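Visitor: Have a look at this fold, sequence not included:
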């Protein structure tokens, strides 16, 4: 059955469309234009109580009943569980993948989002905020680069939901005033993911 995807062209939105493409699951896109505050519509609120994209409705959820989910990390783990793919089977590698997924959700996403805001969109020039979040972005890229110096993928030997979650935020490295040439292990990883056909398709959602 077709999964309903509510999304917009943001790093968090791309996570789920990339995962759906990688898993080759059928899905229907419902664009939620956040520049027009469509995320605050009452119908969307019923699916995503925090008024954030992405969200999904799986008509064939647990027990065959429909399931609505918000929060990109939860959606990725759900899709991995549903299909038995894109998360390692080995327990140690599984928890390594979860660890890096949580790192993305708790740091690499939110801090880079603040960098986007203060470096590109804030109506006031606030040097303190610019310095704070650009420095934190660089620190986080350093953490990522160190990990990828010792492993091909974030979970180790397997491409996983942890990579899918982290990649779209690195995809806006220029917004964060980050040069990937300064982080060669990140660049190697980034280029490998960007070349995947499913990733290229997922980054075009919504059209």
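Guide: Arrived safely. As the structure is a computational prediction, the values presented were derived from the model and not from experiment.
Visitor: From here on, just use CA atoms for contacts and neighbour counts.
Guide: Noted.
Visitor: For the lengthiest helix in the chain, the averaged confidence score.
Guide: In terms of residue count, the longest helix belonging to the chain (DSSP state H) is helix 127-150. The average of the pLDDT scores along helix 127-150 is 97.
Visitor: That helix packs against which elements?
Guide: Contact analysis of helix 127-150 by 3 or more CA pairs under 8 Å, 6 or more residues apart in numbering; DSSP states H and E lists helix 109-116, helix 184-194 as its packing neighbours.
Visitor: Just give the nearest non-adjacent residue to residue 33, would you?
Guide: Closest residue to residue 33 in three dimensions, ignoring its sequence neighbours and counting by CA to CA, 6 or more residues apart in numbering: residue 8, at 6.2 Å.
Visitor: Now the one you found, what are its backbone angles?
Guide: Backbone torsions for residue 8, taken as degrees, to the nearest 10, come to phi -150, psi 170.
Visitor: Ok, residue 69 next?
Guide: Dihedral angles for residue 69 - degrees, to the nearest 10 - are phi -140, psi 140.
Visitor: Now do the same contact list for the residue nearest to residue 33.
Guide: 14, 31-34, 53-54, 205-206 (CA atoms under 8 Å, 6 or more residues apart in numbering).
Visitor: Among those residues, name the ones in strands.
Guide: When DSSP state E defines the strands, the subset of the contacts of residue 8 inside them is residue 31.
Visitor: hmm, which of the contacts of residue 8 are the buried ones?
Guide: Neighbour-count burial within these applies to 14, 31-32, 34, 53-54, 205-206; the criterion is 16 or more other CA atoms under 10 Å.
Visitor: would JSON lines of these with distance to residue 23 and pLDDT be doable?
Guide: Written out in JSON lines, the entries for those read as follows (distance: CA to CA, whole Å; pLDDT from 0 to 100):
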{"residue": "14", "distance to residue 23": "14", "pLDDT": "98"}
{"residue": "31", "distance to residue 23": "21", "pLDDT": "98"}
{"residue": "32", "distance to residue 23": "23", "pLDDT": "98"}
{"residue": "34", "distance to residue 23": "26", "pLDDT": "96"}
{"residue": "53", "distance to residue 23": "20", "pLDDT": "98"}
{"residue": "54", "distance to residue 23": "17", "pLDDT": "98"}
{"residue": "205", "distance to residue 23": "15", "pLDDT": "98"}
{"residue": "206", "distance to residue 23": "18", "pLDDT": "96"}
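Visitor: so which of those residues comes closest to residue 167?
Guide: residue 14 (9.2 Å; CA to CA).
Visitor: Hmm, residue 201 and the closest one touching each other?
Guide: No - taking CA atoms under 8 Å as the contact criterion, residue 14 and residue 201 are not neighbours in contact, 9.8 Å apart.
Visitor: Residue ranges in the chain under the pLDDT threshold?
Guide: Within the chain, no stretch has pLDDT under 70.
Visitor: quick one: the helices in it?
Guide: With DSSP H as the criterion, the chain has helices spanning 11-23, 42-47, 72-83, 91-103, 109-116, 127-150, 161-170, 184-194, 197-202.
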